[in-house]
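Novice: Provided below are the primary sequence and the corresponding predicted coordinates.
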Amino acid sequence: LSLERFELSVLEASRHFYDISVDDLAYWRTRGLRNGRWLPPLADSAGALADGVPSYDIGFIGNLFMPNNVEAVEWLVKRVLPQVREQLPGATALIAGSKPVASLHALIGADPLTELRADVSDPAAVFRAARVLVNPMLHGSGVALKSRDMLGSGRDLVSTSQGVTGLPPL
C-alpha cells in the first residue's frame, strides 16, 4: 500500500513530529529523520486505586477478541497460572475486557479460580480488584497502552518484554 513511503514523506516534510513510542522514534531516526520528538503518553490514573483489600491476586484487562490478546490470555491461563499456583495454591485471577471470544469463555469458565468479566465500563475497578496486574502480550507493536495505564494505577505490574514495547526504560 506504500503507506510507509507516504508516512516517511510526511514526516520528512514536517518541521517537527511527535511519537509516543520510543521504539518507533528510534526507527525513524535510523531512516535519517532528526525532527522527531518523544511525547510521553499520560496514564489516566484518576481514581485507579482505593482503600481496601483486592479480591483477586492477578488481574488483566484488554480487549478479548484480537488474536494477540487472545493468545496472551490463553498463555496466561494455560502456562503461567499453573506455575503461580505451584508457589501460591489458590491464587485467583480476574480477566476483564471487551467482546471475549468463545474460546476464552470456555477456557476461563473451566478454571474455578479465574473469573471473566466482559465489557467492563470502568477499567479502574479492575485495577482496584487485583493485587498484581499482568500484561502477558507475546506479539504486537506500538506502545503498550494497557501497560502504561496499569503502571499509572499504582499496582505492581508483571509484563512480558513485548508488553512494555515502546515505553522508555526505567
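Specialist: Yes, it's here. Residues are numbered from 1 along each chain as shown.
Novice: helix or strand right after the helix ranked longest in the chain?
Specialist: Counting by DSSP state H, the longest helix found in the chain is helix 3-13. Next in sequence after helix 3-13, counting helices and strands by DSSP states H and E, comes strand 17-19.
Novice: Go ahead and name everything in contact with that next one.
Specialist: Contact with strand 17-19 is made by 11, 25, 28, 33, 35, 36, 37, 38, 39, as judged by Cβ atoms under 8 Å, 6 or more residues apart in numbering. For the C-beta atoms, the positions are set from N, CA and C on the backbone; glycine is no exception.
Novice: List the buried residues in the longest helix of the chain.
Specialist: Within helix 3-13, the residues scored as buried using 16 or more other Cβ atoms under 10 Å are residue 11.
Novice: which residues sit against it?
Specialist: So helix 3-13 is in contact with 17, 28, 31, 33, 35, 36, going by Cβ under 8 Å, 6+ apart.
Novice: Now do the fifth one: how many residues are near it, please.
Specialist: So the one you mean is residue 35. The number of residues packed near residue 35 is 13, by other Cβ atoms under 10 Å.
Novice: which secondary structure elements does the helix or strand harbouring residue 70 contact?
Specialist: When secondary structure is defined by DSSP H and E, residue 70 falls within helix 67-75. Other elements packing on helix 67-75 under the criterion 3 or more Cβ pairs under 8 Å, 6 or more residues apart in numbering; DSSP states H and E are helix 102-109.
Novice: list the buried ones in the helix it packs on?
Specialist: For helix 102-109, a neighbour-count test (16+ other Cβ under 10 Å) marks 104, 107, 108 as buried.
Novice: right, and out of those, which lies closest to residue 118?
Specialist: Using Cβ to Cβ, residue 104 is the member of those that lies nearest residue 118, at 9.4 Å.
Novice: my guess is the closest one meets residue 75, correct?
Specialist: No. Contact criterion Cβ atoms under 8 Å: residue 104 and residue 75 do not qualify, at 11.9 Å.
Novice: check contacts around residue 80.
Specialist: Neighbouring residues of residue 80 by Cβ under 8 Å, 6+ apart: 134, 136.
Novice: So what angle separates the directions of the helix holding residue 70 and helix 102-109?
Specialist: For helix 67-75 against helix 102-109, the angle by axes from the mean of the first three to the mean of the last three Cα atoms, to 10 degrees is 20 degrees.
Novice: Good, wrapping up.
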